[in-house]
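# Here is my input; please provide its structure:
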Amino acid sequence: MSFFRISLTPTERIIVSFAAVILTGSILLSLPISQLANSQASYWDNLFTAVSMVCVTGLFTQPVASSFTAFGQIICMILMQIGGLSLLSFIGMIALQAKRKLSFINLTTLQESFSRDDTKDFHGFILSVFRFTFAIEGMGALLLAIYFVPKFGWAKGVFTSIFLAISAFCNAGFDNMGASSLVYFVKNPYINLIIASLIIMGGLGFSVWFDLQTQVKKKNHVRKFSFHTKVVLGLTATILALGTLLTLMTEYNNPNTIGTFSLGHKVLASFFQTVTMRTAGFATIDYTQARPISLLLYAFQMMLGGAPGGTAGGIKITAFLVLLVYARSEVLGLPYTNFKHRTIDTLTIRKAIAVFIVFLSTFLLGLFSISVTDSDKPLLFLIFEVMSALATVGVTANLTPSLTQAGQFIIMALMFFGRIGPMSILMSLSSKRASKTANLQYAKSSLIV
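Purely as a prediction, here's the structure:
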């Protein structure tokens with residue numbers, strides 16, 4: 001537990017822990033025992049894979065199936081699991097199980113890693129996170145095994161099912177079956193719905209699941225879900241329904257994607273793309289063949305991401321809601337920012353605005369940089385790739401392996417920023433400098449906006 005005694009801010013501890021896991025993972029994946037005899041992966045490819053797995057993104061330069069042995073794929077599963085839950089949560093869990101009392105700074109670090117505001121019953125919360133994660137992944141693996149065991153045999157079928165279940169729940173987007181993700185299963189409702197369910201559950205956020213669990217366990221049957229839980233569930237359902245409808249509209253007659261499918265299969269494929277764009281990274285269609293309007297729609301969905309405190313990336317759907325509600329109150333000249341008979345506090349609004357501005361600025365900087373290093377690539381595909389990396393989604397228009405090494409480095413940096421949070425990283429870098437003048441108030445002035 002010596003890591004918890006290092007004199008670092010909570011954000012710096014999170015950054016260091018992720019960087020340490022990435023470095024360790026890249027070395028382990030480069031070992032001969034991890035590499036297939038015919039593997040084409042260099043250390044750079046393994047580093048890229050480790051970054052993508054720990055940042056639960058899904059982009060790769062060399063496919064898992066043709067690069068890693070069973071041992072290497074086990075390392076991959078561990079990296080995705082640590083990436084989804086964070087190394088600090090594992091360290092915290094061990095400390096709590098050993099009945100060690102965590103200091104305030106250590107507790108704050110764990111809170112920040114889960115985007116949790118209070119320490120109320122935090123021990124129970126951490127336990128629930130692990131129990132829920134392993135229970136859902138186990139159930140997902142069991143359901144997937146029903147399909148894959150008859151197809152691949154017991155050993156490979158069970159192993160593939162566990163790999164996919166961990167990858168889907170952690171919103172990592174990796175598979176160990178080939179280089180074309182789940183395109184082969186585009187018309188398979190069983191695989192689509194199981195993977196989609198795991199993605200959605202991972203993207204709801206652990207605070208939501210903790211609240212649901214707490215309320216369901218109540219013996220008096222009087223259940224009162226938190227405002228956050230109700231908002232997240234409502235937003236998730238709305239975004240999934242609207243995204244499915246829009247994809248269905250834009251790709252309905254596209255013969256290169258879903259145009260030749262039956263209506264049921266079109267709806268299934270449209271639903272899956274909407275689910276996976278919320279930072280999952282799996283694909284059941286070829287995005288190089290999708291219409292430009294669809295790629296722009298997907299880029300917007302990637303930016304939204306999932307709920308805070310889970311395995312999803314993006315700016316988070318709650319932050320986007322706050323921005324919309326605040327904009328509405330400003331346009332209408334309302335004194336307060338209200339939603340569903342609740343008033344959103346000023347601090348939350350400021351945080352949402354800051355997150356959006358920093359996220360957008362990082363995206364534009366990344367897009368500009370990669371447009372310089374890979375100027376021969378289509379701009380729309382670069383937009384799609386950069387947003388996919390920053391929002392830790394992992395879908396690609398078959399661009400990642402063909403990028404220059406400089407371009408791939410930019411993608412790695414964006415994945416890391418996206419997983420930790422651009423806002424958190426900037427706060428960590430500027431905290432010491434800003435602290436000297438943070439509480440000063442200067443003469444007021446006005447600007448015309």
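# Now do the strands in the stretch 251-400 of the chain.
All strands of the stretch 251-400 of the chain, identified by DSSP state E, counting those that start in this stretch, fall at 338-339, 342-343.
# For the first one, what is the distance to the chain centroid?
In terms of CA atoms, centre = their mean, to the nearest Å, the centre of strand 338-339 is found 27 Å from the chain centre.
# Residues touching it, excluding its own?
Applying CB atoms under 8 Å, 6 or more residues apart in numbering, the contact partners of strand 338-339 are Val231, Leu321, Val325, Ser329, Ile344. C-beta here means a position set from N, CA and C on the backbone, and glycine is covered the same way.
# Of those residues, which pair is most distant in space?
Using CB to CB, the pair of those lying farthest apart is Val231 and Ser329, separated by 16.6 Å.
# hmm, back to that, of the contacts of strand 338-339, closest to Met249?
Closest approach to Met249 among those (CB to CB): Leu321, at 23.6 Å.
# That closest one contacts Lys230, doesn't it?
No. In this structure, Leu321 is not within contact of Lys230 by CB atoms under 8 Å, at 11.9 Å.
# and among the strands of the stretch 251-400 of the chain, the most buried is which?
Greatest average neighbour count among these goes to strand 338-339 (a mean of 14), per mean count of other CB atoms under 10 Å.
# Pull up the pairing partners for that one, direction included.
Sheet pairing of strand 338-339 (DSSP bridges) gives strand 342-343 (antiparallel).
# and Phe169, what is it in contact with?
Listed by CB under 8 Å, 6+ apart, the contact partners of Phe169 are Gly84, Thr133, Ile136, Glu137, Gly140, Leu198, Ile199, Met201, Gly202, Thr311.
# change it to 7 Å
Shown in contact with Phe169 (CB atoms under 7 Å, 6 or more residues apart in numbering): Gly84, Thr133, Ile136, Glu137, Gly140, Leu198, Met201, Gly202, Thr311.
# The closest residue to Phe227 other than its chain neighbours and Leu321, how far apart?
Once flanking residues are discounted, Phe227 sits nearest to Arg342: 5.9 Å by CB to CB, 6 or more residues apart in numbering. Using CB to CB, to the nearest Å, Arg342 is found at 12 Å from Leu321.
# Which residue, other than its chain neighbours, is closest to Phe148?
Per CB to CB, 6+ apart, closest to Phe148 is Gly157, 4.0 Å.
# right, and the secondary structure at Phe60 would be what?
Assigned with DSSP: H, G, I helix; E, B strand; the rest coil, Phe60 falls in the coil class.
# quick one on the thing from earlier: can you pick out the ones from the contacts of Phe169 that are in helices?
Gly84, Thr133, Ile136, Glu137, Gly140, Leu198, Met201, Gly202 (DSSP state H).
# Kindly give a single PyMOL line that selects the buried subset of the residues you listed.
Burial among these is assessed by 16 or more other CB atoms under 10 Å; the matching PyMOL selection reads:
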select buried, resi 84+133+136+137+140+198+201+202
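# quick one: which of the ones in helices among the contacts of Phe169 is nearest Asp374?
When the ones in helices among the contacts of Phe169 are compared for distance to Asp374 (CB to CB), Gly84 wins out at 29.5 Å.
# so who does that closest one touch?
Neighbours of Gly84 in contact, by CB under 7 Å, 6+ apart: Val56, Phe169, Cys170, Ala172, Gly202, Thr311.
# ok, the third one - contacts?
For Cys170, the contacting residues are Val56, Met80, Gln81, Gly83, Gly84, Gly202, Thr311, taking CB under 7 Å, 6+ apart as the criterion.
# Tell me the spacing between Ala443 and Glu330.
From Ala443 over to Glu330 (counting by CB to CB), the distance is 25 Å.
# Look up phi and psi at the most centrally placed residue in the chain.
The structure's the chain has its C-alpha centroid closest to Ala312; by CA atoms, centre = their mean the separation is 2.9 Å. Dihedral pair for Ala312: phi -90, psi 160, per degrees, to the nearest 10.
# Excluding chain neighbours, what is closest to it?
Once flanking residues are discounted, Ala312 sits nearest to Gly306: 2.6 Å by CB to CB, 6+ apart.
# repeat for Ile82
Spatially, and ignoring its direct neighbours in sequence, Ile82 is nearest to Val21 (5.5 Å; CB to CB, 6+ apart).
# Now that neighbour: which helix or strand?
Here Val21 sits within helix 10-30, counting by DSSP states H and E.
# Could you give me the buried positions within that helix?
Neighbour-count burial for helix 10-30 flags 10-15, 17-18, 21-22, 24-26, 28-30 (criterion: 16+ other CB under 10 Å).
# What is that helix packed up against?
Identification of packing neighbours for helix 10-30 by 3 or more CB pairs under 7 Å, 6 or more residues apart in numbering; DSSP states H and E yields helix 43-54, helix 70-85, helix 87-97, helix 104-113, helix 405-420, helix 422-434.
# could you redo the last one with a cut-off of 6 Å?
Other helices and strands packing on helix 10-30, by 3 or more CB pairs under 6 Å, 6 or more residues apart in numbering; DSSP states H and E, are helix 43-54, helix 70-85, helix 87-97, helix 104-113, helix 422-434.
# if we can go back for a sec, let's see the helix or strand the residue nearest to Phe148 falls within as CSV, backbone CA atoms only.
Remark: Gly157 resides in helix 154-169, with elements defined by DSSP H and E. Once non-C-alpha atoms are left out, helix 154-169 reads as follows in CSV (Å, rounded to 0.1, in the frame of the first residue of the first chain):
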residue,chain,number,x,y,z
TRP,A,154,-15.3,-25.7,-24.7
ALA,A,155,-11.8,-24.2,-24.2
LYS,A,156,-11.9,-21.5,-27.0
GLY,A,157,-15.6,-20.9,-26.6
VAL,A,158,-15.4,-20.2,-22.8
PHE,A,159,-12.2,-18.1,-23.2
THR,A,160,-13.7,-16.0,-26.0
SER,A,161,-16.9,-15.5,-24.0
ILE,A,162,-15.0,-14.2,-21.0
PHE,A,163,-12.8,-12.0,-23.1
LEU,A,164,-15.8,-10.4,-24.9
ALA,A,165,-17.8,-10.0,-21.6
ILE,A,166,-14.9,-8.1,-19.9
SER,A,167,-14.3,-6.0,-23.0
ALA,A,168,-18.0,-5.1,-23.4
PHE,A,169,-18.7,-4.3,-19.8
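# Tell me the buried residues in it?
Result for helix 154-169 [16+ other CB under 10 Å]: buried residues 157-169.
# Kindly report the same for stretch 333-341.
For stretch 333-341, a neighbour-count test (16+ other CB under 10 Å) marks Thr337, Phe339 as buried.
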